[in-house]
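Q: Model the following, please.
(chains A and B)
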2 protein chains.
Amino acid sequence: MRMSRYFLPVLKETPREAQIVSHRLMLQAGLIKQASAGIYSWLPMGYKILRRIEQIVHEEQAKAGHLAMLMPTIQSADLWRESGRYDAYGDEMLRIKDRGGRDMLFTPTAEELVTDIFRAHVNSYKDLPLTLYQIQWKFRDETRPRFGVMRGREFLMKDGYNFDLTQEDALHAYNRHLVTYLRTYERMGLQAIPMRADSGPIGGEDTHEFLVLAETGESEVFYDSQITDLTFGDRDIDFTDKAACAAVLEEFTSRYARTDETHDEAVFAQVPEERRRTARGIEVGQIFYFGTKYSDAMGATVQGPDGKSVPVHMGSHGIGVSRLLGAIIEASHDDKGIIWPEGVTPFHVGIVNLRQGDGETDAACEDLYAKLKARGLDPLYDDRDERAGAKFGTMDLIGLPWRITVGPRGLKSGVVELTSRRTGESEEIAPEEAIARIAAIYDGI
Amino acid sequence: MRMSRYFLPVLKETPREAQIVSHRLMLQAGLIKQASAGIYSWLPMGYKILRRIEQIVHEEQAKAGHLAMLMPTIQSADLWRESGRYDAYGDEMLRIKDRGGRDMLFTPTAEELVTDIFRAHVNSYKDLPLTLYQIQWKFRDETRPRFGVMRGREFLMKDGYNFDLTQEDALHAYNRHLVTYLRTYERMGLQAIPMRADSGPIGGEDTHEFLVLAETGESEVFYDSQITDLTFGDRDIDFTDKAACAAVLEEFTSRYARTDETHDEAVFAQVPEERRRTARGIEVGQIFYFGTKYSDAMGATVQGPDGKSVPVHMGSHGIGVSRLLGAIIEASHDDKGIIWPEGVTPFHVGIVNLRQGDGETDAACEDLYAKLKARGLDPLYDDRDERAGAKFGTMDLIGLPWRITVGPRGLKSGVVELTSRRTGESEEIAPEEAIARIAAIYDGI
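A: Now for the predicted structure:
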C-alpha cells in the first residue's frame, strides 16, 4: 500500500479522553474512531489488524477440529427465558422491542442459541464430539464504558461451544481449548497466563481466565513467578490425545495463578516467598466447563450407546478479539508509539523515502516496493512529500516492526537502512539483502 | 474435511415454511437455521460460502483501490437527526434505547457515520479521491420477512462510500463501482444486469440496480435482449482511467433495462419488438450518486485547489452479501439440489467412498484426499458408513460442482469416476488424472 492512497488519519495532538496508553495510541495511529460511548469504527489499518487476529484464531481453531459458523446478533428473548437468563442477566443486556412488539436482545453470548441448534439437529452420541464456534460482534451495555476497545460496549468476540457425551469428554474439550488458546496468544506475541477464575453469568465451576500482565489491567492477579517461564512454543500436539492435552493443562495450571476473585491467601502462602508475585492483568479469554446447565434447561439430549437419552455435557470458550488489539499494545509499546509483533502487524515492513521527488530515490523505492510484493510480502510505502522526521514519526507511531529507509546518500554506496522498531538497531545493507531478510523473518509466521 | 467430523445437518423432509427453492435448499442442505423471524444462523457450510463471497468482494474492491474498514452495528440516533433521516426512515429502522435512555439504532446503512468519519479527518482535496467500504451486518425490520436470506431482517451487506472533489470525479467513482460489481458477480457465476432504478431512502438521481434474472425475483424487469449477451470477462482495466470506466458504463447501460419502478412503456416501445423482454429479477446490488446531500447536511467539506471550502460529492454502493447465496441458488439448481459455481463452492470436490470399511477402497480415498489437499485443494470426503445412494443424494443436494467416486470395481481397473454436478457427465480416469483435472479447473479461480 502507498501511504498517499491510504486512509491513515494519524493525530498530532494527544486525545484527552484516553486514560490508558492503548486507547491513546489506537486513536493517534488512526486505527479507530469513537462513534458513540464505548462504540468504535475501525479505520482501515485497525480493521486490517482485527482481520489478522481473526485469521490466527480461525487457523488455531481449525487445527483442533472446531467448526466455524455464525449466529445472528439480534436474538429473540424466548430462548433466554428457557435458560432463565433473560431475567437473570441484568442491565448489561441490550433489550430491544421489534416493530411487532416482540422482546429481542443484542446477544452478549450465545449458549442458548447454539444449544437450540444442537437440539434441533443432533440426536445420537455418534455425532459427538462437536465443537462449534463463531467470531461475531457482541454487545454489553456497560454503565461506564472506558479504555477504548478494552471496555467497549460493542465488541468482537470468538465464542466456542463444545458438546460431549460425558464429563470426561467435555473436560478433554476444555483442555483442547486451553491448548488452542495458548498457541493463539503466543502467535500474537502475547504471554497470556491461565488463572483460576470465577464463572459469572455463564455458570459452572471449572473455569480459567487468560490474563496478560500489564500495569493497566483491570484485575489484580497473584501468581508463582515460575509460571512466566512457560511457553507452549511450536510443539506438535495431537488434539485427539486426551492424555497429551491434559498434560498441557497440568503444566500450565498447576502453579498458583489466580485473579482477585478466587485468590486465597492461605494457599498463596505456600508458594516460596521469593516466587510470589502480585501484579495487574488484562483478561483476553476464558474457558468454561458447565456440564449440563443449558442442556438440562433446554432439553439438549442425545441417545447414548445404551439407547438411553442423556443430556450433553457442554462448555464455552471465549477470546476477546477486538480487546486483543488493546492488550497487545499495552504489552508492546514505547514512548514513540506501538510496536506490533510480527504475527499481527498490519504491514510487514515500512518503506521510507527520504527524498520524495528525486528520480533515483523514487525509482529505488518503487523497485523495493514491487519486489517485496512479488515475494508475497505486504509493505507500506511512505511516498508522501513530507520531511524525513515526519515520516519517521509516523512509522514509529504506527509501529510496523521493520522499516527500510531509502535515501540518495545510501544509494550512492548501494545500500539502504534496515531498522528494527523494537530495538531501534539499524544496518546498512544492499536492497536485495533487505528483501531477503524481511522474507526470512516472516517465513512461517 | 471428512464428513464424519463435519456438522452438516441435511434434512430429509421438505421444510414447509419455504416458499421459494433457494430457501428450501438452504435449509435442506444444512446451510442455515432460522433463529427467529427473518433472522438466521449460518451453519458451518453456509458460513464457508458466505466467507468465499466476502473474499471475492474484498478482492475486487481492493483492485479498484477501495479501502476496507468497519463501522459498528449500533449507532447513536444523533447523527441520523443531523441528516434528517432519523424521522424519515420509518418503521424498518430498529430503534433501541440503551440503559441510559439514549436513542440508538441498528444501522440499516451508514452514510451518516462514514460522513462523520470523513469530516473529522479529511480537510483537503489532496486526500481525495477516497472510497471506504465495509462488509457488516445490517438490520431492517421488515413487516413480513420471507424467502429465507433473500428478505431477512438481519443481513450481511457490503456498503461502500466515495468522497470526491467534483461531480465528474464522483461519477467516475460511480463507474468504477459498476466495473467492480460486474466482475464480482461474474466471478460468482452470476449474470447481474445493471438497470435504471429508483433511489429510495438513500436519495440522489443516478442509480442502477444489479438484477439477476430468476422466476422468483421480487421485481418485474423490462429489457432489451441484447443485454444478456454482454459479459465483462477477464479484460484488464485501469481503474484510474476515466474514459475506460465510462465506456464500460455506456456498454452495459445504453440498452433498455429497467425495473418496474422506472419502466417507461413509450421508451421500451422503441426497442425492436423481437428484442423486448419481460421477466422477473432479484436485486443483488445497487450503486448511487447523490452529490452533496449528506455533505451539505453534515458539513463535510474540503479545501479545494483555490483555497475555498466546498462540500464533497458522494455516492454509496451496496452488495447484498448474504442475499447472494439465495440468488446464486435461484439461478443455479436442479430438482436434485444446488449446483454451486466453482467461484463460490464451499468445497472444490466431493469424494464418495462406495464401500466404506473395505481396506483397499478406504486407502484409495485417503490417498486421494491427502493428495488433493497437498495441491492446495479443499475436498469434502464422505467417509460415512452409508449406502451409495444416500451418499450420492447428499452430494447432489449440497451441490459441489465436482465429485470423485471411488469403488472396488473401478480400482481393479485403476480408475475412479469424475462427475460434473452440472452436466451429470462422468468419466472413468486414473486417480492421478482426476487430481490434475480438478487442479486445472480451479487454477486461477
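Q: I'd assumed residue A:249 was in a strand, is it?
A: No: counting by DSSP: H, G, I helix; E, B strand; the rest coil, residue A:249 is not found in a strand; it is helix.
Q: That one: what's it in contact with?
A: Counting by C-beta atoms under 8 Å, 6 or more residues apart in numbering or on different chains, residue A:249 touches A:174-175, A:178. Every residue, glycine included, has its C-beta placed from N, CA and C.
Q: How many residues are close by the closest residue to residue A:405 other than its chain neighbours?
A: Spatial nearest neighbour of residue A:405, excluding adjacent residues (C-beta to C-beta, 6 or more residues apart in numbering or on different chains): residue A:417 at 4.1 Å. Residue A:417: 17 surrounding residues under other C-beta atoms under 10 Å in any protein chain shown.
Q: can I assume residue A:417 sits in a helix?
A: No: using three-state DSSP, the assignment for residue A:417 is strand, not a helix.
Q: quick one: low-confidence ranges for chain A?
A: The model of chain A has pLDDT under 70 over residues A:201-204.
Q: quick one, helices of it?
A: A:21-28, A:44-63, A:77-83, A:85-88, A:111-121, A:167-187, A:242-253, A:265-268, A:293-298, A:321-331, A:359-374, A:388-398, A:408-412, A:431-442 (DSSP state H).
Q: Reformat these as TSV; add distance to residue B:118.
A: Below are the helices of chain A laid out as TSV (distance: least, C-beta to C-beta, whole Å):
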stretch	distance to residue B:118
helix A:21-28	17
helix A:44-63	13
helix A:77-83	37
helix A:85-88	40
helix A:111-121	36
helix A:167-187	35
helix A:242-253	47
helix A:265-268	53
helix A:293-298	45
helix A:321-331	23
helix A:359-374	28
helix A:388-398	20
helix A:408-412	37
helix A:431-442	34
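Q: now the residue nearest to residue A:435 when sequence neighbours are not counted: how far from residue B:320?
A: Closest residue in space to residue A:435, ignoring its immediate chain neighbours: residue A:371 at 5.5 Å, by C-beta to C-beta, 6+ apart. Per C-beta to C-beta, to the nearest Å, residue A:371 is found 40 Å from residue B:320.
Q: Neighbour count: the two, which is higher?
A: Counted by other C-beta under 10 Å, residue A:371 and residue B:320 do not tie: residue B:320 has more neighbours, with 22 against 16.
Q: Isn't the more buried one up against residue B:285?
A: Yes: counting by C-beta atoms under 8 Å, residue B:285 is a contact partner of residue B:320 at 6.5 Å.
Q: hmm, back to that, how far away is the residue nearest to residue A:405 from chain B?
A: 28 Å (C-beta to the nearest C-beta, to the nearest Å).
Q: List the contacts of that residue.
A: Per C-beta under 8 Å, 6+ apart, neighbours of residue A:417: A:404-407, A:410, A:426-428.
Q: In PyMOL, how would I select the buried members of those?
A: PyMOL command restricting the contacts of residue A:417 to the buried ones, with burial defined by 16 or more other C-beta atoms under 10 Å in any protein chain shown:
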select buried, chain A and resi 404+405+406+407+410
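Q: end-to-end on stretch A:85-94?
A: 13 Å (C-alpha to C-alpha, to the nearest Å).
Q: cool, and stretch A:194-211?
A: Using C-alpha to C-alpha, first and last residues of stretch A:194-211 are 6 Å apart.
Q: what does that stretch contact?
A: In contact with stretch A:194-211 (C-beta under 8 Å, 6+ apart) are residues A:85, A:88-90, A:109, A:111, A:171, A:174, A:178, A:181-182, A:185, A:192-193, A:217, A:219, A:221, A:223, A:252-253, A:257-259, A:261-262, A:281-291, A:293, A:315-316.
Q: Report the buried members of the residues you listed.
A: A:85, A:89, A:109, A:111, A:171, A:174, A:178, A:181-182, A:185, A:192-193, A:217, A:219, A:221, A:223, A:252-253, A:257-259, A:281-291, A:293, A:315-316.
Q: Which positions in the stretch 101-250 of chain A make contact with chain B?
A: A:102, A:104, A:106, A:113, A:116-117, A:120-122, A:127, A:130, A:132, A:134, A:137, A:139, A:141, A:143, A:153-154 (C-beta under 8 Å from any C-beta of the partner chain).
Q: let's go with 10 Å and repeat that
A: A:102, A:104, A:106-107, A:110, A:113-114, A:116-118, A:120-122, A:126-127, A:129-134, A:136-137, A:139, A:141-143, A:152-156, A:163 (C-beta under 10 Å from any C-beta of the partner chain).
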